[in-house]
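K.L.:
Give me coordinates for this.
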Amino acid sequence: MDWGLKNRIANILKPNNGRGVMLAVDHGYFLGPTESLEVPRRTVAPLVKYCDSLMVTRGVVRTSVDPNHPVPIVLRVSGGTSIIGEDLSNEKITTSVKDAIRINATALAMSIFVGAKYEHNSLVNLGNLVNDAEEYGIPVLAVTAVGKELEKRDARYLSLSCRIAAEFGAHMVKTYFCDNFEKVVNSCPVPVIIAGGPKLPERDALALTYNAIKAGAAGVDMGRNIWQSQYPIPMIRAVRAIVHSNYNLDQAYNLFKTLCKEYPLKNNQKPHLGNNTQNKNRPDQSKAPQQSQKTQQQQPQQPSQSKPQQPRPQQQPRPQQSKPQQPRPQQPKTQMKKQTPPAPPAAQATQ
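P.N.:
Modelled structure (predicted):
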């Protein structure tokens, strides 16, 4: 392996432990402005200093990534389909190696679709990309994509896909975590990086990271589970603690919760968890019905402070029976001079 190729891989997977944290922000090439990635620069800027590399398209590199920050770029070079299309497997190479060199990409990334309709095209594209990239000492990351068929994500299928990618010359493979993940890692002769996949609760995403690293993964390429979190910076720092500092799940999640106190919520959102927001809403919403029942039960004590309401202490726990009170006008005669007819006490009991 040439010096330049080794050096570029070492920028992605750190040589002290052979691991790396890759931040995926290439989703727009087929998903468009997905949630929390509507403005890429705003998403990338606060997170880029915490990742070892950035997986991104050339359009977002040039418009939304600060060129003065020396983050290694893993450049997505395949595409040609969208989420609203019939088949996501019909991808082709969309970015030349020369343009990748102009961008100063550290590695190239493309998807392969083993077992899909366009399996042949994606595998031949991978072979051709490795041929072209090897001339310039640029490593290739093969992504074992499944398109919309998420049920394919088991050890048997992923082992097949990762091994084929390595056989075609990929220097690293990105795949999904699954049960018996050790089988996937052991049968692939190149480093395996796990994909974060769809958004999970933070502890579940950290568990995914921990279990994958424990099973032999070389790192993570995580996107939505970081920048769709309400606390993106604490989340990526907790992931990094697992990958590079050997934190276990509990340690990483405790770190995440501690860091959440130091960083503001993303876009000034209200937290899903926590008692502050719920306490503010309780007087008007969650406890309002209970308070009305309590006031109905305690109403016989309150009229003791107001003499005109003493003649009827037993009728107030039944505010709905306002009509039976009207046939007795003789009792409230003393009240008629000082307050309104019997309807107001019934109305107060329902508030």
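K.L.:
quick one, what contacts the residue nearest to residue 160 when sequence neighbours are not counted?
P.N.:
Ranked by C-beta to C-beta, 6 or more residues apart in numbering and with sequence neighbours excluded, the top spatial neighbour of residue 160 is residue 114, at 6.2 Å. Quick note: C-beta positions are derived from backbone N, CA and C, even for glycine. Listed by C-beta atoms under 8 Å, 6 or more residues apart in numbering, the contact partners of residue 114 are 123, 144, 157, 160, 161, 164.
K.L.:
For residue 114, give its distance to residue 165.
P.N.:
Using C-beta to C-beta, to the nearest Å, residue 114 is found at 8 Å from residue 165.
K.L.:
Identify the contacts common to the two.
P.N.:
With contacts taken as C-beta under 8 Å, 6+ apart, the residues that reach both residue 114 and residue 165 are residue 144.
K.L.:
Would you agree residue 89 is in contact with residue 113?
P.N.:
Yes - taking contact to mean C-beta atoms under 8 Å, the distance of 3.6 Å between residue 89 and residue 113 places them in contact.
K.L.:
Residue 83 reaches residue 31, doesn't it?
P.N.:
Yes - look at residue 83 against residue 31 with C-beta under 8 Å: they come within range, at 5.4 Å.
K.L.:
Just the mean pLDDT for the helix or strand containing residue 253, thanks.
P.N.:
With elements delineated by DSSP states H and E, residue 253 resides in helix 249-260, which encompasses its position. Across helix 249-260, pLDDT averages out at 98.
K.L.:
May I see the buried residues of that helix?
P.N.:
By neighbour count on 16 or more other C-beta atoms under 10 Å, the buried set for helix 249-260 is 249, 251, 252, 253, 255, 256, 259, 260.
K.L.:
Make a markdown table from those residues and add distance to residue 100 to it.
P.N.:
Written out in a markdown table, the entries for the buried residues of helix 249-260 read as follows (distance: C-beta to C-beta, whole Å):
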| residue | distance to residue 100 |
| --- | --- |
| 249 | 37 |
| 251 | 38 |
| 252 | 34 |
| 253 | 38 |
| 255 | 36 |
| 256 | 35 |
| 259 | 35 |
| 260 | 37 |
